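[1] I would like to see how this sequence folds:
(one chain, ligands or ions: 1)
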Amino acid sequence: MIKERQIIYKKELATNIYEMLIEAPKVARAAHAGQFVLIMVDEKGERVPMTLVDWNPEVGWIKIVYQEVGTSTIKLSMKKVGDEIYYIAGPLGHPSRVSKFGNVLMVGGGVGIPALYPIARELKRLGNRVITVIGAKTSNALIYEKEMSEVSDEVYITTDNGSKGIKGFTVDAVKLLLNNGEKFDAVWAVGPALMMKAVAEVTNGKIPVSYSSLNSIMVCGVGMCGACRVTVGNKTLLTCVDGPEFDSYQVNWKELTIRLQAYKKEEMISLEMLKGAGKV
Ligand SMILES: Cc1cc2nc3c(=O)[nH]c(=O)nc-3n(C[C@H](O)[C@H](O)[C@H](O)COP(=O)(O)OP(=O)(O)OC[C@H]3O[C@@H](n4cnc5c(N)ncnc54)[C@H](O)[C@@H]3O)c2cc1C
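    Below is the predicted model of the structure:
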């Protein structure tokens, strides 16, 4: 019998990027596109936010896709199929504000592409024309192309080195589409903060509705600690309870990118300790 929080499936999609199916029936029953869970890998671990990429309310699993970047995500990768995750809380955050817009542009970068998938699926289900731009550093690092194609009318690919699709960044493909006279009613961007900032800059004034899913550093996830605070339209808001999606044209991107670096030293120390313990 599968136990709650047990890993049902795990696959490396690209170097250091993993897809994982976890038994979490309560989360699966309540999940909506755009929401996330907090995961504690073991009892000494920190709570790391992970976007819900997919879920099955009948069978009771949730799917996450994550990139190994530091201690917690490396520890998560050490878990095998059949192992249990210590703690999962969710679904958290507001669902994406999807509706029938008309023409919608979806822009995903790296590990942000799977996070974009359930939002695109929902927008397609609601009858929107979904045009997607996805990008990665190289063709080998590109994930979720097939899944995004299934929920999009058109998919454009960019790679930094030109090994697949257009050579350049996702924002370059967005500029091409806009210069070719494509008209969009809404745009969603999920990926690195610099990518979301660049997309906001080129679409501002051209696409009326724009959302970005912010990846602020988060600690409690329930609005108590303030670690994930962001400035949006001159208001201080919390990514965990007010987001994670915000109006891209109102986000203070400079502050977000500075705050993402706030614990660099501690993260390095934590990684060195993990290595010192012979775990990496
Ligand atoms: C709402 C939300 C949803 C997220 N969903 C996903 C997801 O689906 N898949 C996924 O791979 N990641 C996701 N993230 C980012 C993920 O939570 C972090 O990468 C993770 O916490 C890193 O933990 P760590 O201990 O492995 O690395 P750390 O040692 O904490 O950090 C290692 C490196 O990653 C950077 N980093 C740390 N936290 C973040 C962050 N929140 N965003 C961006 N960079 C960060 C650090 O600056 C550092 O350079 C999400 C973040 C938020 C806020």
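
[2] let's verify residue 206: helix, strand, or coil?
    coil (DSSP: H, G, I helix; E, B strand; the rest coil).

[3] what pLDDT does the model give it?
    We have a pLDDT of 97 for residue 206.

[4] so what's the nearest residue to it once chain neighbours are set aside up against?
    Nearest residue to residue 206, sequence neighbours excluded (Cβ to Cβ, 6 or more residues apart in numbering): residue 178, at 5.8 Å. Heads up, the C-betas are built off the backbone N, CA and C, glycines and all. For residue 178, the contact set (Cβ atoms under 8 Å, 6 or more residues apart in numbering) comprises 202-203, 206.

[5] ok, of these, which come out buried?
    Using 16 or more other Cβ atoms under 10 Å as the burial test, the contacts of residue 178 include 202-203 as buried.

[6] closest to residue 226 out of the contacts of residue 178?
    residue 203 (29.8 Å; Cβ to Cβ).

[7] return the set of residues that bridge with the residue nearest to that closest one when sequence neighbours are not counted.
    Spatially, and ignoring its direct neighbours in sequence, residue 203 is nearest to residue 187 (5.2 Å; Cβ to Cβ, 6+ apart). For residue 187, the beta-bridge partners are residue 105, residue 210 (DSSP bridges).

[8] what about residue 187, how many residues close to it?
    27 (other Cβ atoms under 10 Å).

[9] and the host helix or strand of the residue nearest to residue 206, how far from the chain's centre?
    Assigned by DSSP states H and E, residue 178 belongs to helix 170-179. Its chain's C-alpha centre and that of helix 170-179 lie 21 Å apart, by Cα atoms, centre = their mean, to the nearest Å.

[10] list the contacts for residue 232?
    By Cβ under 8 Å, 6+ apart, the neighbours of residue 232 are 242, 246-247, 250-252.
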